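Asks: Here's my sequence, what's the structure:
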Amino acid sequence: MLNPFKTHKTHSFESFAHEEVESQTNELLVSVYLNLWISYIKIESFCDSIKYCNSSLKLDPKNVKSLFRRGLAFHGLKDYQMARDDFMATLRHESNNKAARNHLIFCNNAIKAETQVNRNTFTKLFAKQTLQKNDENKVSVDIQDKEEIDCANIY
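Replies: Presented below is the predicted three-dimensional model:
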């Protein structure tokens, strides 16, 4: 006859052992993904680096190394908004991370500079369009004035 308590204990132990193995497997996979990140960063394949950080973060969403390293990869792509978001997330989990803080400052400065360049570019673009419209209006006014003058001379 089967003892229900004995099978329950065995089942509980097996469940615990399975969870422990799964946890260790996830830790190893996170480590493997972060090592792959290093390899791809060295050859400046930033998109692949981001892919492996994303894989790592699926297993451990609060992994500070993964967040920071993905931020570095976005920084390599010059996507300073995304990099800033990852550095901020890193600081939320580890507020004393000096490297993340320094990269965050750099990203904020880069975003400000980028915004200023865009602002200047669009200001010049719209100024040129306004000048062109004014020149077109002036030309049409000049033509009308010429017609009036020519007509006046004819009569």
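
Asks: What's the mean pLDDT across stretch 45-55?
Replies: Mean pLDDT, stretch 45-55: 93.

Asks: Show residues contacting it.
Replies: Under the criterion CB atoms under 8 Å, 6 or more residues apart in numbering, residues 29, 33-34, 36-37, 40-41, 66-67, 69-70, 72-74, 76-77 lie in contact with stretch 45-55. All C-beta spots, glycine's among them, are computed from the backbone N, C-alpha and C.

Asks: rerun at 6 Å
Replies: 33, 36-37, 40-41, 66, 69-70, 73, 76-77 (CB atoms under 6 Å, 6 or more residues apart in numbering).

Asks: Now stretch 38-56: buried residues?
Replies: For stretch 38-56, the neighbour count (16 or more other CB atoms under 10 Å) marks 40-41, 46, 48-53, 55-56 as buried.

Asks: which residues does the residue at minimal distance from the centre of the chain contact?
Replies: By CA atoms, centre = their mean, the chain has its centre lying nearest to Met82, at 1.9 Å. By CB under 6 Å, 6+ apart, the contact set of Met82 is Phe74.

Asks: Go again with 8 Å.
Replies: 71, 74.

Asks: Please identify which helix or strand holds it.
Replies: Assessed by DSSP states H and E, Met82 sits inside helix 80-93.

Asks: Give me the distance between that helix and the centre of its chain.
Replies: Offset of helix 80-93 from its chain centre (CA atoms, centre = their mean, to the nearest Å): 9 Å.

Asks: average pLDDT for that helix?
Replies: Helix 80-93 comes out at a mean pLDDT of 96.

Asks: May I see the buried residues of that helix?
Replies: Buried residues in helix 80-93 (16+ other CB under 10 Å): 80, 82-91.

Asks: related to what we said a few turns ago, for the residue nearest to the centre of the chain, give its distance to Val117.
Replies: 19 Å (CB to CB, to the nearest Å).

Asks: again, but for Leu125
Replies: From Leu125 to Val117 the distance is 12 Å (CB to CB).

Asks: Equivalent analysis for Ile50, please.
Replies: When Ile50 is compared with Val117 (using CB to CB), they lie 25 Å apart.
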